[in-house]
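**Student:** Predicted structure and sequence below. I'll ask about it afterward.
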Amino acid sequence: MAELSATDRASRPLGRRLLRWIGFPVAGVAALILLALIALQTPPARRFVERKVTEFLARQEITFASEGFRYNVFGLGADLRNVRVFSPRLPDAPPFLELDAARFDLSTWQLIRGRYVLDSGTV
């Protein structure tokens, strides 16, 4: 089979060449985002996220303890087991929230719009 000469390559439509130059980087970025979302589902990433959530709540003077914290990035949901929330200012007081199990799902479209809307939940 004969190879394309330089004049044959240059005669390809500009749109097709432009699509190829834009398409490859866009596909690469999409693949990296997908890999990052998959990586967030691993146990070390889950422990990291749980630690960051606990630290964030501690800065708000809320102590959060849970025996099971699982989330699903793709479904925008979370499962919590044996949750206790209490105030560090009142260490002798009982927790103001104790749950054996909780499950909630966030609305994807509202999250894209910058709002946290609870789609469904069970306690």
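**Tutor:** It's in. Everything numeric here is computed off the predicted structure, so don't read it as measured data.
**Student:** Can you list the residue ranges for helices in the protein?
**Tutor:** For the chain, the helices defined by DSSP state H cover 6-10, 14-39, 43-59, 108-112.
**Student:** Could you tell me the angle between the second one and helix 43-59?
**Tutor:** Calculated by axes from the mean of the first three to the mean of the last three C-alpha atoms, to 10 degrees, helix 14-39 forms an angle of 70 degrees with helix 43-59.
**Student:** buried ones in helix 14-39?
**Tutor:** Using 16 or more other C-beta atoms under 10 Å as the test for burial, helix 14-39 gives no buried residues. From N, CA and C alone the C-beta is placed, and that goes for glycine too.
**Student:** quick one on the thing from earlier: of all the helices of the chain, which lies closest to Leu99?
**Tutor:** helix 43-59 (14.9 Å; C-beta to C-beta).
**Student:** by contact count, what packs against the closest one?
**Tutor:** strand 63-65, strand 68-72 (3 or more C-beta pairs under 8 Å, 6 or more residues apart in numbering; DSSP states H and E).
**Student:** Show the average pLDDT along the last one.
**Tutor:** Yep, that's strand 68-72 we're talking about. Strand 68-72 carries an average pLDDT of 85.
**Student:** just how off-centre is stretch 105-114 within its chain?
**Tutor:** Computed by C-alpha atoms, centre = their mean, to the nearest Å, the chain-centroid distance of stretch 105-114 equals 12 Å.
**Student:** what's next to it, contact-wise?
**Tutor:** With contact meaning C-beta atoms under 8 Å, 6 or more residues apart in numbering, stretch 105-114 is reached by Gly75, Leu76, Gly77, Arg115, Tyr116, Val117, Leu118, Asp119, Ser120, Gly121.
**Student:** Just the terminal-to-terminal distance for that stretch.
**Tutor:** 15 Å (C-alpha to C-alpha, to the nearest Å).
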